[in-house]
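**Q** quick one, what's the 3D model for this:
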Amino acid sequence: MKYSNIPAAQLLVLLCKAAGINNIIISPGSRNAPLTLSFTGDPFFTCFSIVDERCAAFFGLGIAQQKKEPVAVVCTSGSALLNYYPAIAEAFYSNIPLIVISADRPPYKIDVGDGQTIRQDKVFDRHIGYSANLKIDAVHATERLAFYQPELLEQPQESIAKFNRRQIGTAFKVVFGQRLPVHINIPFEEPLYGMEEIEDQERFSLKLDDETEVGIESNFGNIHQIWNSAKRKLILVGVNAPNSIEKKYLDLLAKDPSAIVFTETTSNLHHSNFFPSIDSIIFPIEKSKNTHERFLELQPEVLLTFGGLVVSKKVKAFLRKYKPKHHWHVHPTKAYDTYFALTKHFKNEPNQFLAWLFSNSQSVESNYLNKWNSVKKNYQKKQLEYVKKAPFSDFTVFEVLQRTIPKGHQVHLSNSSTVRYAQLFPLDGSIPVYCNRGTSGIDGSTSTAIGGSIYHKNPTVLITGDLSFFYDSNALWNNYIKNDFRIILINNAGGGIFRILPGFDGTDRFATFFETEHHLSAENMCKQFGLEYQSAANRNMLEETLPGFFESGKRPKLLEVFTPRELNNGILLGYFDFISSEYR
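**A** This next block holds a predicted model:
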């Protein structure tokens, strides 16, 4: 097999192979040619070519999110690397194993006015699991090195190779063990395109020890006693991978009269006794005459959390003011003190912790579940009433979408308004849901969804807002969009979420600088990138279009749903007022 004749490039590529890292997303360039030629020349690797580095990184993130294994993104030197940053930050806060590999110029060309050079070493240091800055080889292009910086040749090649191997090995241990993104920066001197045959690949073996593997903690103290005696236990689940929690534990939580389980669409947990629309519980309490007394009734003695970040701002505000006596968070590595009440971090997988918790659980008499179940049933009833009379809007679009998406389809949500509207209506339990909630940015949603669709056996549906979609329009500039990929673009002509926030004043200044009002449509973009385009502007059109839209076809499809910019916020706020009416 032929690989680059530059030792550091050989080492990195073959250690990727030894570690089983086979999905490689490459953005074009010359400085990364040794890596590009080596990765693409070995059939072990599945290589994707994506021009825009920001899109490439989110595309890779989508694959890593779906396969739960490291994915590498490869770019040339200079500003190309900086375009990876949004996806790196998302991977860092979402524990997604992304390997960033950047080709660099020789050290002596940095900060001397040479083209495509920046300070690449440790450039992501605040949002990366590990930064490996490799040394330039002493046996490649020795004449150039001797002319420009002869001291680089003073260190033996064997020592350089040993250092580079150790750096790569450390990075791989972090990405596999801690599931954090890592950055490997590798300087190359010209010539860049030389190749040579490598037959003995066994010398590139790599042993990876999982340094974060932990068993159930032995010192749990009086946790069982606290759990078994508490009459108000709140389980709050943030972003959570589909099918990751065993059903038997969900059933035990669901039937505990002293426990209520708050979930979100991105929690991927379903049970008739769970509470999937948190704001529909909390908002009416805020509107009630006896707000404080009702919040005291909801206030938990024990708060048990697992999963990633939570969407609902209202539950955060509630728990920060009405703090639990005990807050336990379960995660192998991270424990954010989101509610400023954290008392215990269990460094375990949730199934492992729940198995231990229920090994000695006892029922306690409580009306906590029954009381709040009755509240839930009331808002669900009133929700149905409101949907029937509500005008066509973002609110009614989501009600239609979330009951018509076919079972088994994978759903990706963009951020801002989209993920918040998605919390209001239930999805079928067979539908896995993903959203980039690590940083909650609007950038990269489309790219992530396309990457996430690559290895998913069923069709993928991206539900996105207009600003998020147009912002990430280069996501469509690749050859990997599957024919069963579907985009539902809700176009409300601006950033509709800002009309709901306290700063909305209805002025032209607000419309220009906050809401960013526009008159764009995706129709011509679909022509450019080869997507089948459809549109809907009222409820009847939407309901008539959706069945055919989800049918198989020869091209990916986009459905653009136009909603009334100036009415959406009033209809959403009217919903919360309507379900709150009896508490005033």
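**Q** which residues does the worst-scoring helix or strand of the chain on mean pLDDT contact?
**A** Ranking every helix and strand in the chain by mean pLDDT, DSSP states H and E puts helix 508-513 at the bottom, with a mean of 77. For helix 508-513, contacts defined as CB atoms under 8 Å, 6 or more residues apart in numbering pick out 494, 498, 503, 504, 517. Every residue, glycine included, has its C-beta placed from N, CA and C.
**Q** again, 6 Å this time
**A** Applying CB atoms under 6 Å, 6 or more residues apart in numbering, the external contacts of helix 508-513 come out as residue 517.
**Q** what are the buried residues along it?
**A** 510, 511 (16 or more other CB atoms under 10 Å).
**Q** swap in stretch 313-332?
**A** 314-316, 318-319, 322, 324, 326-332.
**Q** what's the helix or strand for residue 578?
**A** Assigned by DSSP states H and E, residue 578 belongs to helix 568-580.
**Q** do residue 315 as well
**A** Assigned by DSSP H and E, residue 315 falls in helix 313-321.
**Q** for the record, mean pLDDT for that helix?
**A** For helix 313-321, the mean per-residue pLDDT is 97.
**Q** do stretch 250-267 as well
**A** 97.
**Q** find the centremost residue of the protein, please.
**A** In the chain, the residue lying closest to the centroid (CA atoms, centre = their mean) is residue 436, at 3.0 Å.
**Q** that one contacts residue 92, correct?
**A** No: contact between residue 436 and residue 92 fails when scored by CB atoms under 6 Å: they sit 11.8 Å apart.
**Q** quick one: residues contacting the residue nearest to the centre of the chain.
**A** 90, 448.
**Q** if we use 8 Å, what do you get?
**A** 58, 61, 90, 94, 415, 444, 445, 448.
**Q** wait, residue 130 sits on residue 176?
**A** No: Residue 130 is not in contact with residue 176 according to CB atoms under 8 Å; the separation is 11.4 Å.
**Q** neighbour count: the two, which is higher?
**A** residue 176 (22 against 18; other CB atoms under 10 Å).
**Q** could you check how far the more buried one is from residue 419?
**A** 29 Å (CB to CB, to the nearest Å).
**Q** residues contacting the residue nearest to residue 125 when sequence neighbours are not counted?
**A** Nearest residue to residue 125, sequence neighbours excluded (CB to CB, 6 or more residues apart in numbering): residue 131, at 5.9 Å. Counting by CB under 8 Å, 6+ apart, residue 131 makes contact with 121, 122, 124, 125, 182, 183, 185.
**Q** farthest-separated two in those?
**A** Greatest spatial distance among the contacts of residue 131 (CB to CB): 121 and 182, at 13.5 Å.
**Q** thinking again about what came up before, filter the contacts of residue 131 down to the buried ones, ChimeraX style.
**A** In ChimeraX syntax, the buried subset of the contacts of residue 131 is picked out as below (16+ other CB under 10 Å):
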select :121,124,182,183,185
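**Q** same list (the contacts of residue 131) but as CSV, adding distance to residue 253.
**A** Shown next, in CSV, are these (distance: CB to CB, whole Å):
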residue, distance to residue 253
121, 47
122, 43
124, 38
125, 40
182, 35
183, 39
185, 45
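**Q** could you export the contacts of residue 131 as TSV, including secondary structure?
**A** Shown next, in TSV, are the contacts of residue 131 (DSSP: H, G, I helix; E, B strand; the rest coil):
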residue	secondary structure
121	coil
122	coil
124	coil
125	helix
182	strand
183	strand
185	strand
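**Q** between the contacts of residue 131, which is nearest residue 18?
**A** residue 182 (16.1 Å).
**Q** can you pull the pLDDT of residue 155?
**A** Looking at residue 155, the pLDDT reads 94.
**Q** again but with residue 435, I slipped
**A** 97.
**Q** how far away is residue 357 from residue 324?
**A** 16 Å.
**Q** an error on my part: the question was meant for residue 283.
**A** Counting by CB to CB, the gap from residue 283 to residue 324 is 21 Å.
**Q** hmm, back to that, so how far is the helix holding residue 578 off the chain centroid?
**A** Centroid separation for helix 568-580 versus its chain: 29 Å, with CA atoms, centre = their mean, to the nearest Å.
**Q** quick check: end-to-end length of stretch 329-340?
**A** Its first and final residues considered, stretch 329-340 spans 12 Å by CA to CA, to the nearest Å.
**Q** next one: that stretch to chain centre, how far?
**A** Distance, centroid of stretch 329-340 to centroid of chain: 17 Å (CA atoms, centre = their mean).
**Q** which other residues reach that stretch?
**A** Contacts of stretch 329-340 (CB under 8 Å, 6+ apart): 95, 178-179, 212, 214, 303-306, 309-310, 316, 319-320, 323-324, 327, 342, 344-350, 353.
**Q** show the low-confidence segments of the protein, by residue range.
**A** 200-204, 206-220, 496, 499, 501, 505, 583-584 (pLDDT under 70).
**Q** domain boundaries for it, per the record?
**A** 2-193, 223-374, 390-583 (automatic domain parsing).
**Q** would TSV of those with distance to residue 381 be doable?
**A** Formatted as TSV, those follow (distance: least, CB to CB, whole Å):
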stretch	distance to residue 381
domain 2-193	36
domain 223-374	11
domain 390-583	9
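**Q** so which of the ones you listed gets nearest residue 205?
**A** domain 2-193 (5.4 Å).
**Q** measure residue 346 to residue 99 for me?
**A** Counting by CB to CB - residue 346 and residue 99 are separated by 28 Å.
**Q** ok so, going back, out of the contacts of stretch 329-340, which are buried?
**A** 95, 178-179, 303-306, 309-310, 316, 319, 324, 327, 342, 344-350, 353.
**Q** please flag which of the residues you listed sit within strands.
**A** 303, 304, 305, 306, 327, 344, 345, 346 (DSSP state E).
**Q** can you redo those residues as JSON lines with distance to residue 538?
**A** Shown next, in JSON lines, are those (distance: CB to CB, whole Å):
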{"residue": "303", "distance to residue 538": "43"}
{"residue": "304", "distance to residue 538": "44"}
{"residue": "305", "distance to residue 538": "41"}
{"residue": "306", "distance to residue 538": "42"}
{"residue": "327", "distance to residue 538": "46"}
{"residue": "344", "distance to residue 538": "52"}
{"residue": "345", "distance to residue 538": "50"}
{"residue": "346", "distance to residue 538": "50"}
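**Q** wait, which of those residues is closest to residue 391?
**A** When those are compared against residue 391 (criterion: CB to CB), the nearest one is residue 305, at 37.6 Å.
**Q** next one: the closest one from residue 386, what distance?
**A** Distance, residue 305 to residue 386, using CB to CB: 31 Å.
**Q** for residue 437, same thing?
**A** 27 Å.
**Q** ok, residue 232 next?
**A** 30 Å.
**Q** out of these two, which sits in the more crowded spot?
**A** residue 232 (24 against 20).
**Q** so who does that one touch?
**A** Contacts of residue 232 by CB under 8 Å, 6+ apart are 258, 298, 299, 300, 301, 302, 366, 368.
**Q** most neighbours, which of the residues you listed?
**A** residue 300 (25 neighbours).
**Q** bridged to the nearest residue to it once chain neighbours are set aside, which residues?
**A** Spatially, and ignoring its direct neighbours in sequence, residue 300 is nearest to residue 234 (3.6 Å; CB to CB, 6+ apart). In this entry, residue 234 is beta-bridged to residue 260, residue 303, by DSSP bridges.
**Q** just use 41 as the starting number from now, easier for me
**A** In the new count, where the first residue is 41, that last one comes out as residue 274.
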